[in-house]
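Trainee: I would like to see how this sequence folds:
(chains A and B)
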Amino acid sequence: MSLILAAESLAEIINSYAECDASSVAIAAVIHVALIGAFFGLPAGIFIWAERKVSARIQDRLGPTRVGGRFGWLQAVADGAKLVQKEDLCPKDADKPLFRIAPYVVVIASFAAFMFLPFTDGWSAVSLDVGMFLLFAMLSLEVIGVILAGYASGSKWALFGGMREAAQMVSYEIPMSICALIPIVMAGTLNLNEVIHYQSADWIGVIPPFLHWNVFHPVAGPAFIVYFVCATASCKRAPFDLAEAESELVAGFLTEYSGMRWSFFFLAEYASMFLVSAVAAILFLGGWDDGFGIVRALKGNSTNVLDPGVIAGNLLGAGVLMLKASKLVLIQIWVRWTLPRLRIDQVMTTCLKYLLPMSCALFLAAVVYPMALVLGTGRPQILPLSNDVSAEAEMSTSSEVEVERAAADGEVT
Amino acid sequence: MSDLVFHMVLFTIAGTVLVMAPLLIGRLVRPNLPTDEKDAIYECGEPTIGSSFIQWDLRFYTIALLFIVFDVEVAFFFPWATLYGGTMQLADSQLDAPSRFDLTDKLLNQVPGTSAASGESIASGEAIQLGLLAFSDILVFFGVLLVGFAYVWKRGDLEWVRAAISTSGQRTIPDP
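Mentor: So this is what the prediction gives:
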């Protein structure tokens, strides 16, 4: 096993100084929470600013220009400082405890999902063999907070928004998870870091490593597009923002919220935009793999996490993943300000009658494709494994392979 | 496992603190001047008519049922997918020996290094047979699901606007 699990190694590094198992795990967990807390809050703030700047550019405006210098880059902080001072209103007819709990549910669900994200090779707070499964489970808890907010507000607009969100989430989660299943069918693991390892490769002759990314696979490529549409919908982003629907439902489930409580829904929305984009980058775009073998070359064969080459490679990998995820978030922002919104029945039709059959067909294709290739050519993919291995295999085991294949063919026919 | 539970608890606490801290700080600086108008439910500026805690047409009722069926099936797909992916990689006749040992250990749920120590790994021929079994399994499993999906589609349960369908007489299969 060449993979180093960050949770274990960080705990082990601390353990080598402190020599107490339980407390070193605890200290490692606290460090994880602090680091991931930064990765939860910081991108959200940056993307809120980016959304305002990008939307302004698209609409031929300037956007924020004053706070923090020329580009208004401190606008998110200024907004936060303003929102803290706003009165915390809770309507008289609302279900007060549920009304107050809802933002907590939303933020905790989207924050806890970050714990399974491999920021770079082995750097995830919890590296599990069911990591992806748990990540999706955590992410879908967010909808409960939105339904709570909609129901507890005591407003009809909020009720409409909450119920729409329930119907929308319930529908879009199916094609989303079926599409996320396709890289799993190919990589044969639910561990997100191993899914990236499956996509990362060295140069093979003139074939660049990025061709191993799932997005260049004939089945997983279209699945990436379907996944990304569903992921956009699952973050309640326009053109699927029916839960908020400013033009018809006042503000949907947010109608009665104000001040800081209102802003937490936005924090969670931008954080989960970043999260689903990072998952898309991991499943389809090679995650921390830069596509030209630089990270792999820096890391070499060393398995020591404190090796300078490994640290440099890991930092570069983290930067690459952030870059890919940010690009995808920018695409989500771009789509929001470019496409018109859908009506609720159109949203449901898009999912149930187009995206769901598409994802089912892609899933079947992902199952049939490697099997057909194996039976036809003896290999589940078109790209060669690597230079030396293929040559070696041809020299040493070609006769064996022929016998095995003949036996297999005999069984089949 | 305890590691996961520990992280889960800690992330929940951190998330709670993340939300609670600004609210508590805000309590010191924000005004608290409730009036009847401020505390009223917003209904376009008119006096509110009735409560919103009412019986509600759950339009997505059948969709929710469909979701449960699909989601349970997808949950079963996940372990299947890991096995099938593993067998398909093992079916590669050009796979080198170390990767073959690693994949065998993962597929048979052994401690890493077991098959390398014993020298026994799954050959590509065996993997193809295992793969064909898994392949036919999922075709039957997924086929049953798709038949159900086609039935729901035909019945018109995927339509958001119901009234138009019942009046135009498209619903040929009667309600059970």
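Trainee: just for the chain, where's the confidence low?
Mentor: I went with chain A, as the question did not name one. For chain A, applying pLDDT under 70 flags the ranges A:1-24, A:303-306, A:385-413.
Trainee: actually chain B
Mentor: B:1-2, B:56-60, B:161-176.
Trainee: switch to 90 and redo it
Mentor: Scanning chain B for pLDDT under 90 picks out B:1-135, B:137-138, B:141-142, B:144-176.
Trainee: report the central residue of it.
Mentor: In chain B, the centroid-proximal residue (CA atoms, centre = their mean) is B:Asp71; its distance is 5.4 Å.
Trainee: wait, what's in contact with it?
Mentor: Residues in contact with B:Asp71 (CB atoms under 8 Å, 6 or more residues apart in numbering or on different chains) are A:Glu173, A:Ile174, A:Ser177. All C-beta spots, glycine's among them, are computed from the backbone N, C-alpha and C.
Trainee: you'd agree the first one is up against A:Ser234?
Mentor: Just to be clear, that refers to A:Glu173. Yes: counting by CB atoms under 8 Å, A:Ser234 is a contact partner of A:Glu173 at 6.7 Å.
Trainee: got the buried residues for the helix or strand hosting A:Lys82?
Mentor: Taking DSSP states H and E as the criterion, A:Lys82 maps to helix A:75-84. Of all the residues in helix A:75-84, those buried under the rule 16 or more other CB atoms under 10 Å in any protein chain shown are A:Gln75, A:Ala76, A:Asp79, A:Leu83, A:Val84.
Trainee: stretch A:212-230 now?
Mentor: Quick answer for stretch A:212-230 (16+ other CB under 10 Å): A:212-217, A:219-220, A:222-224, A:226-230.
Trainee: if we can go back for a sec, need the buried residues of helix A:75-84 in TSV (columns: distance to chain B).
Mentor: Below are those laid out as TSV (distance: CB to the nearest CB, whole Å):
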residue	distance to chain B
A:Gln75	17
A:Ala76	13
A:Asp79	12
A:Leu83	8
A:Val84	4
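Trainee: what's the strand or helix carrying A:Ile225 packed up against?
Mentor: If you go by DSSP H and E, A:Ile225 is part of helix A:220-234. Applying 3 or more CB pairs under 8 Å, 6 or more residues apart in numbering or on different chains; DSSP states H and E, one finds that helix A:220-234 contacts helix A:156-187, helix A:259-284, helix A:308-336, helix A:356-377.
Trainee: now do whichever strand or helix holds B:Val140 against helix A:356-377, angle only.
Mentor: Assigned by DSSP H and E, B:Val140 belongs to helix B:124-155. If you take axes from the mean of the first three to the mean of the last three CA atoms, to 10 degrees, helix B:124-155 sits at 160 degrees to helix A:356-377.
Trainee: okay, now the closest residue to A:Arg379 other than its chain neighbours: neighbour count?
Mentor: Ranked by CB to CB, 6 or more residues apart in numbering or on different chains and with sequence neighbours excluded, the top spatial neighbour of A:Arg379 is B:Asp92, at 5.2 Å. Neighbourhood size, B:Asp92 [other CB atoms under 10 Å in any protein chain shown]: 24.
Trainee: what of B:Pro98?
Mentor: B:Pro98 has 12 nearby residues by other CB under 10 Å.
Trainee: and for B:Val9?
Mentor: With other CB under 10 Å as criterion, B:Val9 counts 11.
Trainee: redo the helices and strands packed on helix A:220-234 as JSON lines? Include distance to chain B.
Mentor: Shown next, in JSON lines, are the helices and strands packed on helix A:220-234 (distance: least, CB to the nearest CB, whole Å):
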{"stretch": "helix A:156-187", "distance to chain B": "4"}
{"stretch": "helix A:259-284", "distance to chain B": "5"}
{"stretch": "helix A:308-336", "distance to chain B": "19"}
{"stretch": "helix A:356-377", "distance to chain B": "4"}
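Trainee: include mean neighbour count when you put the ones you listed into a markdown table, please.
Mentor: Converted to a markdown table, the helices and strands packed on helix A:220-234 look like this (neighbours: other CB atoms under 10 Å in any protein chain shown):
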| stretch | mean neighbour count |
| --- | --- |
| helix A:156-187 | 25 |
| helix A:259-284 | 24 |
| helix A:308-336 | 18 |
| helix A:356-377 | 19 |
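Trainee: okay if I get those helices as TSV plus distance to B:Leu23?
Mentor: Below are those laid out as TSV (distance: least, CB to CB, whole Å):
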stretch	distance to B:Leu23
helix A:156-187	20
helix A:259-284	6
helix A:308-336	27
helix A:356-377	40
